[in-house]
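> My questions concern the predicted model and sequence given below.
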Amino acid sequence: MNDLVSMKQLSESEILALLDRAQNFETYGARELPKKYTVSNLFFEPSTRTKTSFEVAERKLGLDVVPFESGLSSTIKGETLYDTVKTLESIGVDALVIRHPDVGYYNQLIGKTNISIINGGDGSGQHPTQSLLDLYTIREEFGSFEGLNIVIAGDIAHSRVARSNADALTRLGANVTFLCPTEWCGEFNAVHEWDENLLNSDVIMLLRVQHERHNEKSIFTKESYHNQYGLTLERAKRMKENAIILHPAPFNRGVEIDENLIECSKSRIFKQMENGVYVRMAVLELILNGRN
Ligand code: NCD
């Protein structure tokens, strides 16, 4: 595999093999790759977790990491993404992690350059390594996916996290229910109200309201959204004893999640961030070792 741009590329057994490899990194620590590859992280949208966790994963694998700041690069002078990538390829970069606002930006690159592309998020399209870290966190908790009831709640239409997870979780045997306002369902069949059944799920995954992808001003106030669709303290009290709360972050305290739940005993939000480093090491290793 030369690139990882979508969860749809991975078979169930390939997903599980990546999770096993990540588990190995968590248990035994990182080992440097046999060859010193050069990589760079091209982020054309804001990022804290994904960018830094890729960088940590890259350093742990002994890779050369070439700094790239999109705001100081020649893209500001009008250089296209394709020309930027061809430039980095000529300079000797082996793989790029790219986050870009255009859905499917990678279609103009794959097959036209020899550089490996790992998608760090394409608009509201896909975010495969976020999905892998969510899957890793769920499997770490429950041992498998078969028969788990999972709610993904929030701004589904604009969420590359929902889109990446929906397909992967279903293929792995979980029952996924989407909960969102009627305006934000996108292509998903969703329910629009919390009920006992949903609160009785094994995993409740909350999503941020992605104002930057909305054309119109929000129809909700923070409070009205929280009361209708958020995980309130009262709803959390009705969750199953061993159920967990996930959120890809950044979270809006008091909007999709009550601020007292962010570090509660059911929350795995910061563990998800830790797990991101292990799964990104597994992805980088798979792609880079496959290059020769
Ligand atoms: C998500 C993203 O950028 O898609 N965050 C992340 O990568 N951890 C979700 C979000 O921005 O809401």
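That came in fine, so what should we check first?

> hey, let's count contacts and neighbours off CA atoms from now on
Noted.

> Contacts only, for residue 95.
38, 39, 40, 115, 116, 117, 118, 288 (CA atoms under 8 Å, 6 or more residues apart in numbering).

> What about the second one, how many residues nearby?
What that stands for is residue 39. 25 (other CA atoms under 10 Å).

> Surely it is within a strand?
Yes: looking at residue 39 with DSSP: H, G, I helix; E, B strand; the rest coil, it is inside a strand.

> picking that back up, can you list the contacts of residue 95 in a markdown table and add distance to the ligand and pLDDT?
Listed next are the contacts of residue 95 as a markdown table, based on distance: CA to the nearest ligand atom, whole Å; pLDDT from 0 to 100:
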| residue | distance to the ligand | pLDDT |
| --- | --- | --- |
| 38 | 23 | 98 |
| 39 | 19 | 98 |
| 40 | 17 | 98 |
| 115 | 23 | 97 |
| 116 | 20 | 98 |
| 117 | 17 | 98 |
| 118 | 13 | 98 |
| 288 | 22 | 98 |
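
> Need the residues that contact the helix or strand where residue 234 lies.
Using DSSP states H and E, residue 234 falls within helix 233-237. Helix 233-237 has contacts (CA under 8 Å, 6+ apart) with 199, 258, 260, 261.

> For the protein, list the residue farthest from the centre, please.
Centroid-distance maximum for the chain: residue 77 at 30.0 Å, with CA atoms, centre = their mean.

> near the ligand, which residues of the stretch 101-250 of the chain?
121, 160, 161, 208, 248, 249, 250 (CA under 6 Å from any ligand atom).

> all helices in the protein, in order from the N-terminus.
In the chain, the helices defined using DSSP state H lie at 12-28, 49-60, 81-91, 128-142, 160-171, 196-199, 222-229, 233-237, 269-289.

> and those as CSV, adding mean neighbour count?
As requested, the helices of the chain are exported to CSV (neighbours: other CA atoms under 10 Å):
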stretch, mean neighbour count
helix 12-28, 16
helix 49-60, 20
helix 81-91, 15
helix 128-142, 23
helix 160-171, 20
helix 196-199, 15
helix 222-229, 16
helix 233-237, 13
helix 269-289, 22
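
> Those helices: which one's closest to residue 185?
With CA to CA, the closest approach to residue 185 among the helices of the chain belongs to helix 160-171: 10.6 Å.
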